[in-house]
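Q: My questions are about this predicted structure, shown below with the sequence.
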Amino acid sequence: MGTSSYTLLGDIMKKFFECIGMISLVCVSFFFTEKTARVVKETDEIMVEIKKTAETHINKSIDAIIKDDTIIPGIYGGVVDIGKSYEKMKRVGSYQENLLIYKKITPSVSIEKNFDKYIISGNPKKNMVTLLFLIKDNEDTTKIEKILKQKGVKASFFVDGNWFESHNDKIYEWINNDYTVGNLSYNMDYTNSSFIWMDTIIKRVGNQQVSFCYNENPNKEALKICAINKNYTVRPTTIISNSPLSEVKMNLTSGSIIALPINQTVEKELPVIIEYIKGKGYKIENLYNHLNEAS
């Protein structure tokens with residue numbers, strides 16, 4: 001190998017090591033810059049306050065309660081998302097507790113996908129109650145809706161197929177106004193093929209996120225059909241018969257699902273029932289919000 005070849009090889013090696021040196025310098029510089037930024041971030045007053053708050057703002061998740069073929073929903077837990085909370089407050093320039101961002105912790109045992117169980121109550125920890133109106137035949141819901149609106153209450157309407165056929169517009173109106181619509185099929189016969197048609201209207205046309213069936217007594221076949229079609233089945237805590245107000249007073253608990261018929265007695269006593277429930281410290285919600293573990 002000639003002298004010029006050695007010289008060329010030497011130049012190449014020199015440049016190679018110079019490049020390695022530059023890369024190493026950049027990496028070391030980046031490492032220390034990142035480390036310095038991390039130290040500055042950790043000692044930032046905003047970050048210090050967020051971490052201090054995060055230690056006390058921990059809500060543990062509550063598992064759903066399953067007993068035989070029944071279930072009571074759980075509740076999501078939550079912890080402060082330190083990174084996202086810091087980014088948000090840093091843009092504002094100061095620590096503000098109302099800007100805290102939380103990340104949810106799902107229960108180990110959840111209502112999610114447990115369609116093969118009867119929901120018999122909402123979680124008592126949420127202090128909520130649901131009024132569930134059963135609509136059959138040619139019943140007029142106008143007075144009930146007026147009372148709910150006046151009282152600022154969201155309820156749930158479970159509708160028979162015959163009523164459903166001639167009141168499609170009302171179904172969409174309820175869903176758009178944050179009421180929950182439930183499916184009674186035809187005479188509560190979930191083997192009726194039209195149950196699927198009703199379910200499709202509620203979910204896909206009405207855009208209701210979750211669908212519900214209804215049973216007052218155990219019915220394994222109905223429960224199975226509803227589960228296959230990803231419908232939760234509700235078995236109410238209290239079924240009102242003759243004396244609405246008295247029966248509510250006698251049976252009301254946190255988490256209650258109260259089923260009511262549409263009749264003159266219910267229409268007359270509903271305002272007082274609503275005030276009584278509120279007076280006990282319970283919020284009256286639609287069925288979806290009542291059973292939602294994440295809210």
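A: Nice, thanks for sending it over.
Q: quick one, strands of the stretch 51-200 of the chain?
A: Using DSSP state E, counting those that start in this stretch, the strands of the stretch 51-200 of the chain run over residues 58-59, 65-67, 70-72, 77-80, 102-105, 118-119, 128-135, 156-159, 180-183.
Q: Helices along the stretch 151-295 of the chain, start to end?
A: Across the stretch 151-295 of the chain, reading from the start of the chain, the helices by DSSP state H, counting those that start in this stretch fall at 161-165, 168-176, 194-200, 220-228, 244-251, 264-279, 287-291.
Q: quick one, which of those helices is packed in tightest?
A: Using mean count of other C-beta atoms under 10 Å, the stretch among the helices of the stretch 151-295 of the chain with the greatest mean number of neighbours is helix 287-291 (a mean of 23). C-betas here are computed from N, CA, C, even on glycine.
Q: domains for this protein, by residue range?
A: Here the domain assignment for the chain is 1-30, 44-109, 118-291, based on automatic domain parsing.
Q: count of residues packed around the residue lying closest to G161 once chain neighbours are set aside?
A: Nearest residue to G161 in three dimensions, chain neighbours excluded: Y186, at 3.8 Å (C-beta to C-beta, 6 or more residues apart in numbering). Burial of Y186 is recorded as 17 neighbouring residues (other C-beta atoms under 10 Å).
Q: tell me the contacts of Y186?
A: D160, G161, N162, N192, S194, F195 (C-beta atoms under 8 Å, 6 or more residues apart in numbering).
Q: Settle this for me: N289 is touching V129, isn't it.
A: No. In this structure N289 lies outside contact range of V129 using C-beta atoms under 8 Å: 11.4 Å.
Q: what touches both of these two?
A: Common neighbours of N289 and V129 (C-beta under 8 Å, 6+ apart) do not exist.
Q: about what we covered before: run through the bridge partners of the residue nearest to G161.
A: Per DSSP bridges, residues listed as beta-bridge partners of Y186: D189.
Q: Now do it, the pLDDT please.
A: As summarised for this prediction, Y186 has a pLDDT of 95.
Q: any idea how far stretch 277-284 is from the chain center?
A: Computed by C-alpha atoms, centre = their mean, to the nearest Å, the chain-centroid distance of stretch 277-284 equals 21 Å.
Q: sorry, back to before: of all the helices of the stretch 151-295 of the chain, which lies closest to E55?
A: For the helices of the stretch 151-295 of the chain, proximity to E55 was assessed by C-beta to C-beta; helix 287-291 is nearest, at 30.2 Å.
Q: For Y118, give its distance to C226.
A: Distance of Y118 to C226, computed by C-beta to C-beta, to the nearest Å: 10 Å.
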